[in-house]
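Novice: Show me the folded form of this:
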Amino acid sequence: MPAPMTTDPEIAVLLAEIRGGIAATLGNDLVGLYLFGSLVSGDFTPGVSDIDLLAVSQRFMTDPDIDRLRDMHREFVERHPEWEDRIEVAYQSKHGLRTWQTERSPMGIISPGEPIHLIEAGAEWRINWFFVLDHGVTLAGPPPETLIAPITREVFIEAARELGRSWIDRIHTVTDQCGESYAILTVCRALYSHQAGELVSKQQAARWVQARRPEWSELIEMALERRVSPNDNGPDDSFDDTVRFIETMAAELDGDNAPDASASTRARRRGFATQDDSRVSIAKWRLEPAMPGDFDILFDIHRRAMGLYVEAIWGWDDGDQRRRFRGALKPGVQAVVVDGAIVGMLDVRRGDDEVFIGNIELAPEMQGRGIGSAIIRSVLAEAQGHGVPVRLHVFKINSRARRLYDSLGFSVVGETELHYEMLWRTAEGTRANRVDPDRGQGTDRRYAPGDSSLRSE
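Specialist: Below is the predicted model of the structure:
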């Protein structure tokens, strides 16, 4: 399978090289390989961010396995010294991923500042596994939900609280400005995750906290800047403010602010917003007709939002993608606009018997802000008013989008080699429940609007 696509061809090549090295080293013991973290969430910062991977093996990792993997990683860094301490891979067995809730299992880990070594991993890794389930991209093997024991929203919310509170003590082990910035941004994301019950990037969470708690805006802005360009190698006068910020956020985490995940899920399955949704500020958006002059902006969004999936399935051919995308910009396609800027696109086709969401894409930096789910809910509300169902297709490897549609009340009613066909029915039932062969079933859809694969909502 080709390497995933990114807007940086260097990273696409690196991912292919890493995947090849892991596959060659583990051989038939490699079950699956999954990309997650900032490279998928849209928060990747060149020269700073890590590449995060989960490699799943048939059996427990052993010392000889670690020795071979150590050689592979060392040779990789010799070829790419700028990536030293920026490749993080967890090597966990199928058994360990199935039993993480009740057992500790041997796991190989290489992370910034630590050479590859064996550890005993258990429930403390549940946030990492949630990340893989929530927005991981499959580079090899089956979908991650077939390997990782389910993680409920309640478990994730509690894990976020524990992570945020752990920094009350951990901050005093930080010795440089990068570590200080990492702590601030991690606590921001823990607070967002705890209160919203959802996962977003550190940068998105930081902006959310700035809006809610403007008295900490300057400190958070400094953390965002120093994450990229630290002034020196040690903490400075901001450290005391950082400690106070973490203590303040930890106190908020201890409050009764977490959403009722079960109630929220029940309401979302009916396709309507819940009171809990008001805890997160949703950007104001509107829809406008997409014009021919919008092509370059919309194609750039398409490449950044869907390139990973297109490359992983077919390989990215820029000329072919441009041709297909230009053909997709037909009358009726709408641009998603926030604050006067185009941030995405929507293609909805309305018929007498059903509504079909042909495509919905958002720029990665706009994902996780509730825009995608709000747009879909508006389509569902329209369909509800006419008493017709809503149909869409989603890539099988896009696990996060599949879970989003599940939460909004869609059900799988068919599948092809690459896609699930999903249907949302009105409360009173539907006037149609059929597969339309003209909507992409079994065809070559190498961009093909008709795929509703959101990278994240």
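
Novice: Give me the pLDDT for the closest residue to Val137 other than its chain neighbours.
Specialist: The spatially closest residue to Val137, leaving aside those adjacent along the chain, is Leu35, at 4.5 Å (C-beta to C-beta, 6 or more residues apart in numbering). For the C-beta atoms, the positions are set from N, CA and C on the backbone; glycine is no exception. Here, the pLDDT recorded for Leu35 equals 94.

Novice: now the helix or strand where Leu35 lies: how far from the chain's centre is it?
Specialist: Secondary-structure assignment from DSSP states H and E places Leu35 in strand 30-36. How far strand 30-36 lies from its chain's middle: 15 Å, per C-alpha atoms, centre = their mean, to the nearest Å.

Novice: In the sheet, which strands lie alongside it, parallel or antiparallel?
Specialist: Here strand 30-36 is paired, per DSSP bridges, with strand 51-57 (antiparallel), strand 137-140 (antiparallel).

Novice: Name the stretch from the ones you listed that approaches Gln101 most closely.
Specialist: strand 51-57 (16.8 Å; C-beta to C-beta).

Novice: follow-up on the earlier one: so which elements touch the helix or strand just after the strand holding Leu35?
Specialist: For strand 30-36, the following helix or strand on the C-terminal side (DSSP H and E) is helix 38-41. Contacts defined by 3 or more C-beta pairs under 8 Å, 6 or more residues apart in numbering; DSSP states H and E place helix 38-41 against strand 51-57.

Novice: Let me see the mean pLDDT of the strand it packs on.
Specialist: Averaging pLDDT along strand 51-57 gives 96.

Novice: pull the CA atoms of that strand into CSV?
Specialist: Extracted in CSV, the C-alpha atoms of strand 51-57 (Å, rounded to 0.1, in the frame of the first residue of the first chain):
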residue,chain,number,x,y,z
ILE,A,51,5.4,11.5,13.9
ASP,A,52,3.3,9.2,16.0
LEU,A,53,2.7,5.5,15.1
LEU,A,54,1.2,2.4,16.6
ALA,A,55,2.6,-0.9,15.3
VAL,A,56,0.6,-4.0,16.2
SER,A,57,2.3,-7.3,16.4
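
Novice: chain center to it: distance?
Specialist: How far strand 51-57 lies from its chain's middle: 15 Å, per C-alpha atoms, centre = their mean.

Novice: just the angle between the next helix or strand after it and strand 51-57, please?
Specialist: Remark: after strand 51-57, the chain's next helix or strand is helix 63-79, criterion DSSP H and E. Calculated by axes from the mean of the first three to the mean of the last three C-alpha atoms, to 10 degrees, helix 63-79 forms an angle of 150 degrees with strand 51-57.

Novice: partners of the very next helix or strand once past helix 63-79, with directions?
Specialist: Using DSSP H and E, the next helix or strand after helix 63-79 towards the C-terminus is strand 87-93. Using DSSP bridges, strand 87-93 pairs in its sheet with strand 51-57 (parallel), strand 105-111 (antiparallel).

Novice: which residues sit against the last one?
Specialist: To tie it back to what came earlier, the one meant is strand 105-111. With contacts defined as C-beta atoms under 8 Å, 6 or more residues apart in numbering, strand 105-111 is touched by 50, 60-62, 65-66, 69, 73, 87-93, 95-96, 99, 116-122, 125.

Novice: Nearest spatial neighbour of the spatially most central residue of the chain, chain-adjacent residues omitted?
Specialist: Of all residues in the chain, the one closest to the mean position by C-alpha atoms, centre = their mean is His135, 3.2 Å from it. Nearest residue to His135 in three dimensions, chain neighbours excluded: Arg400, at 4.4 Å (C-beta to C-beta, 6+ apart).

Novice: gap between that neighbour and Asp50?
Specialist: 20 Å (C-beta to C-beta, to the nearest Å).

Novice: I figured Val338 hits Trp285, correct?
Specialist: Yes: counting by C-beta atoms under 8 Å, Val338 does reach Trp285; the two are 5.1 Å apart.

Novice: Overlap in contacts, these two.
Specialist: Residues touching both Val338 and Trp285 (C-beta under 8 Å, 6+ apart): Ile371.

Novice: Which one of those two is surrounded by more residues?
Specialist: Between Val338 and Trp285, counted using other C-beta atoms under 10 Å, the more crowded position is Trp285 (20 against 17).

Novice: which residues touch the more buried one?
Specialist: By C-beta under 8 Å, 6+ apart, Trp285 lies in contact with 336-338, 343, 371, 374-375.

Novice: 10 Å - rerun?
Specialist: By C-beta atoms under 10 Å, 6 or more residues apart in numbering, the contact list for Trp285 reads 336-339, 343-344, 362, 366, 369-372, 374-375, 378.

Novice: Would you mind checking these for buried ones?
Specialist: Among those, those classed as buried by 16 or more other C-beta atoms under 10 Å are 336, 338, 343-344, 362, 366, 369-372, 374-375.
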